[in-house]
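Engineer: Have a look; sequence and predicted model below, questions after that.
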Amino acid sequence: MDREILPNIKDTSPLRRYPPMKTTESTPCSETILIALSYLMMVILFPFAVFCCMITVKEYERVVILRLGRLRKRGMFGPGVVFVLPCVDEYHKVDMRTKAFDVEPQEILTKDSVTISVDAVVYYSIRNPLDSVLQVANVTESTRLLAQTTLRNVIGTKNLMEMLTAKETLSKTIEQILDDATDAWGVKVERVEMTDLRLPTSMQRAMAAEAEALREAKAKIVAAEGELNSSRALKQASDVMASNPITLQLRYLQTMSTISSEKNSTIVFPFPLEQMSLPVSMQKAMAAEQEARREAEAKVVAANGELVASENLKLASEVMEGNPISLQLRYLQTINTISNKNNHTIILPFSTDFFKRNLEVMEN
């Protein structure tokens, strides 16, 4: 019997792309005979034929069955146990899970005539098992080859800098093109990742040198701007200090406090600011003059002290001359002073007359 799809009813089944063809006969006589013989053989070989007629379809799988080359009415079956006729039915299992394949590295010439090596990974899944079986011979291999050509065509329209800076955008573009092209095969391209992008060694060195020169130029610009800002700030500070000299003295004290922090081994010579502004030769001359003046003053003080001491000793001797016991007491005080606890001086308490007599004997 002829079957026609009603024009007012929207058919959303997977078989909508494969409507039954109008023919003068519903089923050819030869097909009916072959199907009957298949059932007869299954009955004769029962129960051994059961194991050949039952296939198990997993949850993530679907089975497309062709009976004598014609698609069965239900189109696809599963999951569960599916019955097939031996020698009559041909079935194709379709895995609907997400799968991935690597796009082999390709030498591609970019828009600015730079040869690069690019490889990628494509993630896809089969959304329509009927299309994946009936519209393409090998869905995986066809998708792989299409990904290679798409990658080459898209990269050929881009510059090198666009590829380096907009890698994610480029992947999205390739994904969209692949998804549109494989929709007729029942394939959904879920993601495209460009895993590696290799440049020739000479190009890598050239780009590294260019980047280094760019960084050095930026560093010089920043340093020059910093020097300019620092000079302006110092000029403003000097203008403020020029109006009040005490400000410079306070800044000097702050600097001394900073450099003399804890655990600092810096040696500081706190010269007055007036001397720091003099030439080195002038500072040396002034230091020598001050040293000579100090030595002269010390000699004058020593001479005056010696004179005063002599006068005092003269007065003391005049006092002791009237009383010899006073000289003996002073002698004892001197011995007591020079023989303190930490003194190692050896004292021979002989009178001067003893030494005088011995010297006379030695001379005779």
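Structural biologist: Here it is on my side, so go on.
Engineer: Just give the closest residue to Glu90, not the sequence neighbours.
Structural biologist: Once flanking residues are discounted, Glu90 sits nearest to Leu66: 4.6 Å by C-beta to C-beta, 6 or more residues apart in numbering. Where C-beta positions appear, they are placed from N, C-alpha and C, glycine not excepted.
Engineer: In contact with the one you found, which residues?
Structural biologist: Leu66 makes contacts with 72, 89-92, as judged by C-beta atoms under 8 Å, 6 or more residues apart in numbering.
Engineer: Neighbour count added to those, as JSON lines?
Structural biologist: Below are the contacts of Leu66 laid out as JSON lines (neighbours: other C-beta atoms under 10 Å):
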{"residue": "Arg72", "neighbour count": "15"}
{"residue": "Asp89", "neighbour count": "19"}
{"residue": "Glu90", "neighbour count": "12"}
{"residue": "Tyr91", "neighbour count": "18"}
{"residue": "His92", "neighbour count": "15"}
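Engineer: rewinding a little: you'd agree the residue nearest to Glu90 is in a helix?
Structural biologist: No - going by DSSP: H, G, I helix; E, B strand; the rest coil, the assignment for Leu66 is strand, not a helix.
Engineer: Report the beta-bridge partners for it.
Structural biologist: On the basis of DSSP bridges, Leu66 is bridged to Leu71, Glu90.
Engineer: Could you check how far it is from Gln148?
Structural biologist: Distance from Leu66 to Gln148, counting by C-beta to C-beta, to the nearest Å: 31 Å.
Engineer: and if you look at Glu212?
Structural biologist: From Glu212 across to Gln148, the span is 36 Å (C-beta to C-beta).
Engineer: Looking at these two, which is more packed in?
Structural biologist: Higher neighbour count among Glu212 and Gln148: Gln148, with 16 against 10, using other C-beta atoms under 10 Å.
Engineer: Helix or strand: which one has the more buried one?
Structural biologist: helix 139-155 (DSSP states H and E).
Engineer: buried stuff in that helix?
Structural biologist: Residues 139, 142-144, 146-148, 150-151, 154-155 are the ones in helix 139-155 that count as buried (16 or more other C-beta atoms under 10 Å).
Engineer: Quick one, grab the pLDDT at Arg191.
Structural biologist: What the model reports as pLDDT for Arg191 is 94.
Engineer: Quick check: phi and psi at it.
Structural biologist: Main-chain dihedrals, Arg191, degrees, to the nearest 10: phi -160, psi 150.
Engineer: What distance do you get for it to Ile44?
Structural biologist: 53 Å.
Engineer: Have a look at those two and say which one is more surrounded.
Structural biologist: For the pair Arg191 and Ile44, the greater number of neighbours falls to Arg191 (13 against 9), based on other C-beta under 10 Å.
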